[in-house]
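Undergrad: no sequence on this one, just coordinates:
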């Protein structure tokens, strides 16, 4: 009787540990709170000075993960007055140890491309952060027009790994059917955008 009770306690304990681990992994992979604010670039500050909160819009991305699962994107924002597009990308460190073997984060860059595969803009990395085993980058693209009459796709690129291949799809960030709506800025965003260097 005692042995059965001990086995049951061990089994229940292991099950709780396993479920806690799964829940933690789900929480970590779904966390979109890192670098989700508009970064106060000069263009973003100029837009805010000219138009206030009405300067910025955002959308719900139809899909936030690349087709191959290599990276995710979230928190898009567009400043109308300055034609600047910002978005945060995230990838797991397994990207360069398992998938793009031999590459390194310094090899990566990000592009917006149109439906024909032409580069519309190349990103500036304005902020970066690591949380858990993920790398997060806030990107700024200049001279971008949204809403766009063509599709705009976000690509992670690595020349040393010949990535992406021609058939690889990027993450759709703009299309005539994707509606960009005004953003309600947080207090922290308003303060950072109003700051003069």
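TA: Alright, I've got the coordinates. Everything numeric in this text was worked out from a predicted model, so none of it was measured.
Undergrad: Other residues contacting stretch 51-70?
TA: Identification of contacts with stretch 51-70 by Cβ atoms under 8 Å, 6 or more residues apart in numbering yields 38, 44, 47-48, 71-82, 91, 95, 99-100, 146, 156, 168-174, 178-185, 190. C-beta coordinates here come from the backbone N, C-alpha and C atoms, glycine included.
Undergrad: Out of these, name the ones that lie in helices.
TA: Taking DSSP state H as the definition of helices, the contacts of stretch 51-70 contribute 44, 47-48, 190.
Undergrad: returning to what we had before: list the ones among the contacts of stretch 51-70 that fall in strands.
TA: 72-79, 91, 156, 171-174, 181-182 (DSSP state E).
Undergrad: so which of those would you say is closest to residue 117?
TA: residue 172 (13.7 Å; Cβ to Cβ).
Undergrad: so how many other residues sit close to the closest one?
TA: Residues within reach of residue 172, counting by other Cβ atoms under 10 Å, total 17.
Undergrad: re the thing from before, select only the buried ones of the contacts of stretch 51-70 in PyMOL?
TA: Entered in PyMOL, the line below selects the buried ones among these, by 16 or more other Cβ atoms under 10 Å:
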select buried, resi 38+44+47+48+71+72+73+74+75+76+77+78+79+80+81+82+91+95+100+146+156+170+171+172+173+174+178+180+183+185
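Undergrad: for the nearest residue to residue 48 once chain neighbours are set aside, what are its contacts?
TA: Excluding the flanking residues, the one nearest residue 48 by Cβ to Cβ, 6 or more residues apart in numbering is residue 193, at 4.0 Å. For residue 193, the contact set (Cβ under 8 Å, 6+ apart) comprises 38, 40, 44-45, 48, 185.
Undergrad: Repeat the analysis, applying 7 Å as the threshold.
TA: By Cβ atoms under 7 Å, 6 or more residues apart in numbering, the contact set of residue 193 is 38, 40, 44-45, 48.
Undergrad: what's the farthest-apart pair in the residues you listed?
TA: Farthest pair in the contacts of residue 193, by Cβ to Cβ: 38 and 45, 10.0 Å.
Undergrad: Can you pull out the low-pLDDT segments for this structure?
TA: 1, 3, 6, 9, 11-33, 148, 197 (pLDDT under 70).
Undergrad: Okay, buried residues for stretch 91-107 please.
TA: 91-92, 95-96, 100, 103.
Undergrad: what's the first-to-last distance across it?
TA: 14 Å (Cα to Cα, to the nearest Å).
Undergrad: contacting residues around that stretch?
TA: By Cβ under 7 Å, 6+ apart, stretch 91-107 touches 70-71, 133-135, 158, 160-161, 163.
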